[in-house]
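[1] here's a sequence, model it:
(4 chains)
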Number of protein chains: 4
Amino acid sequence: MAVQVSVIGSGAEHEENAEQVGRLLAERGATVVTGGLGEVMAAAMRGAKSAGGTTIGILPGETRAGLNEWVDHVVVTGIGHARNLAVVASGDAVIAVGGRYGTLAEIGFALTLGRPVVVLEPGWEVEGTKRAQTPAEAVEFALAAARHTQVS
Amino acid sequence: MAVQVSVIGSGAEHEENAEQVGRLLAERGATVVTGGLGEVMAAAMRGAKSAGGTTIGILPGETRAGLNEWVDHVVVTGIGHARNLAVVASGDAVIAVGGRYGTLAEIGFALTLGRPVVVLEPGWEVEGTKRAQTPAEAVEFALAAARHTQVS
Amino acid sequence: MAVQVSVIGSGAEHEENAEQVGRLLAERGATVVTGGLGEVMAAAMRGAKSAGGTTIGILPGETRAGLNEWVDHVVVTGIGHARNLAVVASGDAVIAVGGRYGTLAEIGFALTLGRPVVVLEPGWEVEGTKRAQTPAEAVEFALAAARHTQVS
Amino acid sequence: MAVQVSVIGSGAEHEENAEQVGRLLAERGATVVTGGLGEVMAAAMRGAKSAGGTTIGILPGETRAGLNEWVDHVVVTGIGHARNLAVVASGDAVIAVGGRYGTLAEIGFALTLGRPVVVLEPGWEVEGTKRAQTPAEAVEFALAAARHTQVS
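    Here you go, the predicted model:
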């Protein structure tokens, strides 16, 4: 199975960063997991697809409503915001790009479950996360950390 | 996106049927979704992989513990049996092969959400499901029904 | 803590039975747990309150929308139909009154978790459930079974 | 229905504050909602019961394992950490006392859902929360905010 990296976040102003993160992850062979909707989620997946990568979208609703067009494999959870737990739990590592309160919940869950979390600056400042200055650095950190997650 | 068909159920005595269902789905180009664990779930995915298909496993726990080896893409939900909702919601159609009470909950959820459900005989008798006598018939019914789900 | 009995089901034609079930449970000192919405859920709670009992409503949404007026204590889960798992898991025993597919999912989950399930006739026929002919019999069976659940 | 205030957090060093918060909430007629387990959760409920209040515990597991002895009404969710969503969604307001990553997830969810969040110092610093210096102040802020939540 390929390494899976969850990309979380929101905010239209972070889409360019998210797209680069997605592209770089795909170039390194990692599958990109997101919440399947718009903005940062869509941008990360668009980036992954532009590099021939694979994407998994984990939706909150009971249908595919809102699913972005770069999702290869869709999981419809029906559990609303609780699907945030599934998004981060499904990654060998997590990269946060921008984001508001839902992203904060995801960071909290990821750290609760022991998933390594990389925050691309600027972003939520939470003790226990790794800070990255660029998309390339975020991907580097995430893949290095993911290697340990998979081994353990 | 490929058609996704969820295969649910349990019971070692149903593995041969499940494997055929998985293989036939893959031959028809459908992605096989299951709960990612053993018996019927593993058999359906093994069948899909034997035909070069794609598989998605949606696990109940917070880790990949118990994941069968034929899963291409893994979703770790962390929500226990509530992941049964995600398993059926993620399918354009659902095929039940054997199964006990967890399968009954899945059939209930699938019908609640309007997902077409095919029960391969012998299996739970629930009004609103379609009955199939053979794996080939189950796959035929599921793909015919999935076409309508995707269109709507 | 008082014994808790979950009353599940739906269908306006079953409200009178549900109200009796709720009243009898309250008279016997049991707290009535339901999904917090209308029809059978509301009727069971109305019955419980008419006898001075206590009620807990476990809602699917992210707000109190749809909450019936006989709920003393409300749990807003935000997880949609997956709250059905919480409804049955919270009972020392479960009584089904009428009901469609959501009720079937609840029966499946209750039996998966080892909760005793009493089905008041007419209702879903599922192996492993106890059948009751009257509300009084349903309550009798549920409280007898709940005693064992609490002990173990 | 009484006002419900969710008390979240962890850390043995915060138990005294939590107990005061629980007691003051009960004295003001509010029901105390928690995750039903130990430390801050148990202390808040113990405080509430010492003042004759009412408590609701929302557990993560499939049984009552770990339930503290001051819970009046128990909800067994079976959904693991995703029950954090239910804990905060069930409050008209939320008070955080200490806490680690699970608490951070709860703060994120509470703010996502528009529930007012009061953080008793010292605690997570999150934009959008109200800061309180003492248990009395935390309760004051929470009940003032809860009034608006219930009205709306």
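
[2] so residue A:143 makes contact with residue A:93?
    Yes: in this structure residue A:143 lies within contact range of residue A:93 using C-beta atoms under 8 Å: 7.1 Å. Quick note: C-beta positions are derived from backbone N, CA and C, even for glycine.

[3] for those two, list the residues in contact with both.
    Shared contacts of residue A:143 and residue A:93, defined by C-beta atoms under 8 Å, 6 or more residues apart in numbering or on different chains, comprise residue A:5.

[4] comparing the two, which residue is more hemmed in?
    residue A:93 (29 against 20; other C-beta atoms under 10 Å in any protein chain shown).

[5] so what does the more buried one look like in phi/psi?
    Backbone dihedrals for residue A:93, given as degrees, to the nearest 10, come out at phi -150, psi 160.

[6] got it, and residue A:33?
    phi -110, psi 130.

[7] surely it meets residue A:8?
    No: using C-beta under 8 Å, residue A:33 is not in contact with residue A:8; the gap is 9.2 Å.

[8] got the residue ranges for the strands in chain A?
    A:4-10, A:31-34, A:55-59, A:73-76, A:93-98, A:117-120, A:130-132 (DSSP state E).

[9] and the fifth one, what does it pack onto?
    Contact analysis of strand A:93-98 by 3 or more C-beta pairs under 8 Å, 6 or more residues apart in numbering or on different chains; DSSP states H and E lists strand A:4-10, helix A:15-27, helix A:40-50, helix A:101-112, strand A:117-120, helix A:135-151 as its packing neighbours.

[10] next one: the last one, is it in contact with chain B?
    What it means is helix A:135-151. No: residues of helix A:135-151 are not located near chain B by C-beta under 8 Å from any C-beta of the partner chain, the shortest gap being 9.1 Å.

[11] quick check: residues of chain A near chain C?
    Proximity of chain A to chain C is confined to A:62, A:78-82 under the rule C-beta under 8 Å from any C-beta.

[12] possible to save those as TSV with distance to residue A:111, pLDDT and neighbour count?
    Converted to TSV, those look like this (distance: C-beta to C-beta, whole Å; pLDDT from 0 to 100; neighbours: other C-beta atoms under 10 Å in any protein chain shown):
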residue	distance to residue A:111	pLDDT	neighbour count
A:62	29	98	20
A:78	25	98	25
A:79	21	98	32
A:80	21	98	23
A:81	17	98	22
A:82	17	98	30
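
[13] switch these over to CSV; also include distance to residue A:133.
    Formatted as CSV, those follow (distance: C-beta to C-beta, whole Å):
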residue, distance to residue A:133
A:62, 40
A:78, 38
A:79, 35
A:80, 34
A:81, 30
A:82, 32
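
[14] just curious, which of those residues is nearest to chain D?
    residue A:82 (4.0 Å; C-beta to the nearest C-beta).

[15] residue A:33 and residue A:8: who's more crowded?
    residue A:33 (35 against 32).

[16] now the more buried one: how far from residue D:103?
    Per C-beta to C-beta, to the nearest Å, residue A:33 is found 25 Å from residue D:103.

[17] contacts for the helix or strand of chain A with the lowest mean pLDDT?
    The helix or strand of chain A with the lowest confidence, counting by mean pLDDT, DSSP states H and E, is helix A:135-151 at a mean of 90. With contact meaning C-beta under 8 Å, 6+ apart, helix A:135-151 is reached by A:3-5, A:17, A:20-21, A:24-25, A:28, A:30, A:91-95, A:97, A:114-116, A:118, A:120, A:130, A:132.

[18] low-confidence ranges in chain A?
    A:150-152 (pLDDT under 70).

[19] ok, 90 please
    Where chain A drops to pLDDT under 90, the residues are A:1, A:147-152.

[20] return the residues of it in contact with chain D.
    A:79-82, A:85, A:100-109, A:111-113, A:126, A:128.

[21] again, 10 Å this time
    Neighbours of chain D within chain A, by C-beta under 10 Å from any C-beta of the partner chain: A:79-86, A:88-89, A:99-114, A:117, A:124-128.

[22] write the PyMOL selection for whichever of those are buried.
    Only the buried entries of these go into this PyMOL selection, using 16 or more other C-beta atoms under 10 Å in any protein chain shown:
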select buried, chain A and resi 79+80+81+82+83+84+85+86+88+89+99+100+101+102+103+104+105+106+107+108+109+110+111+112+113+117+124+126
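
[23] for the helices and strands packed on strand A:93-98, which one ends up most surrounded?
    With neighbours taken as mean count of other C-beta atoms under 10 Å in any protein chain shown, these reach their highest mean count in strand A:4-10, at a mean of 28.

[24] that one pairs with which strands?
    Strand A:4-10 pairs in its sheet with strand A:31-34 (parallel), strand A:93-98 (parallel), by DSSP bridges.

[25] can I get the ones you listed in TSV including distance to residue A:69?
    TSV is the format used below for the strands paired with strand A:4-10 (distance: least, C-beta to C-beta, whole Å):
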stretch	distance to residue A:69
strand A:31-34	13
strand A:93-98	19
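
[26] most packed of those strands?
    strand A:31-34 (a mean of 30).

[27] what would it look like as CSV? C-alpha coordinates only.
    Taking C-alpha atoms only, strand A:31-34 is exported to CSV below (Å, rounded to 0.1, in the frame of the first residue of the first chain):
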residue,chain,number,x,y,z
THR,A,31,-1.7,9.1,-1.9
VAL,A,32,-3.4,12.3,-0.9
VAL,A,33,-6.3,12.1,1.5
THR,A,34,-8.7,15.0,2.2
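
[28] contacting residues around the nearest residue to residue A:112 once chain neighbours are set aside?
    Leaving aside its sequence neighbours, residue A:112 sits nearest to residue D:101 (C-beta to C-beta, 6 or more residues apart in numbering or on different chains; 4.4 Å). Shown in contact with residue D:101 (C-beta atoms under 10 Å, 6 or more residues apart in numbering or on different chains): A:107-114, A:117, A:126-128, D:10, D:81, D:124.
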